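# mind folding the following:
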Amino acid sequence: MSKKYLLLLGLLLAFSQIVWADSKSLPWVNGEIRRVVKQNNTVVIKHEEIPNIGMSAMTMPFKVKDVGLLENLKPGDKVKFSVVEENQDLVITQIKPQ
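Below you'll find the predicted structure:
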C-alpha cells in the first residue's frame, strides 16, 4: 500500500473515533423543548452552552439519532441531552427529562 493511502486510512480511523465517541463521555447539556417534529427526526431546544462543540447558549433545531428519543417529549419539558457533530449536523445521542 502507498504511504498516502495509509495516511488517509489513519486519518479516517482517527476521525471516526471522534465522531463515534462513547456517548457516556459526552457532557450533559440543560435545555427546554420548544418544538418536536417527529416526521423530520428533529427537536428544537433552547439550550445552555454546549462545550464539546464550542457552541454558545441559543435556541435551535437538532436531529436525533433515534426518533424513539422524541416519544415522550413536548414543548416546555426541561431536559438534559448530549449532542455530537455528525456529517455537518448536530445530532442528539441521549436525552432525558430533568
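
# Lys80: neighbour count?
Using other CB atoms under 10 Å, Lys80 has 16 other residues around it. The way it works is simple: take the backbone N, C-alpha and C, and place the C-beta from them, glycine included.

# what residues sit buried inside stretch 85-98?
Under the neighbour-count criterion of 16 or more other CB atoms under 10 Å, stretch 85-98 has Val91, Ile92, Thr93, Gln94, Ile95 buried.

# secondary structure element holding the last one?
Pointing back at Ile95 there. strand 89-97 (DSSP states H and E).

# the helices in the protein, which residues?
3-19 (DSSP state H).

# circling back to that earlier point, would a markdown table of the buried residues of stretch 85-98 with pLDDT and distance to His47 be doable?
Below are the buried residues of stretch 85-98 laid out as a markdown table (pLDDT from 0 to 100; distance: CB to CB, whole Å):
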| residue | pLDDT | distance to His47 |
| --- | --- | --- |
| Val91 | 97 | 14 |
| Ile92 | 96 | 10 |
| Thr93 | 95 | 14 |
| Gln94 | 95 | 14 |
| Ile95 | 96 | 11 |
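
# now those residues as a markdown table including distance to Val36?
Shown next, in a markdown table, are the buried residues of stretch 85-98 (distance: CB to CB, whole Å):
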| residue | distance to Val36 |
| --- | --- |
| Val91 | 16 |
| Ile92 | 12 |
| Thr93 | 17 |
| Gln94 | 16 |
| Ile95 | 11 |
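
# what's the end-to-end length of stretch 51-65?
Stretch 51-65 has an end-to-end distance of 19 Å (criterion: CA to CA, to the nearest Å).

# what residue ranges in this protein score low on pLDDT?
Residue ranges of the chain with pLDDT under 70: 1, 4-24.
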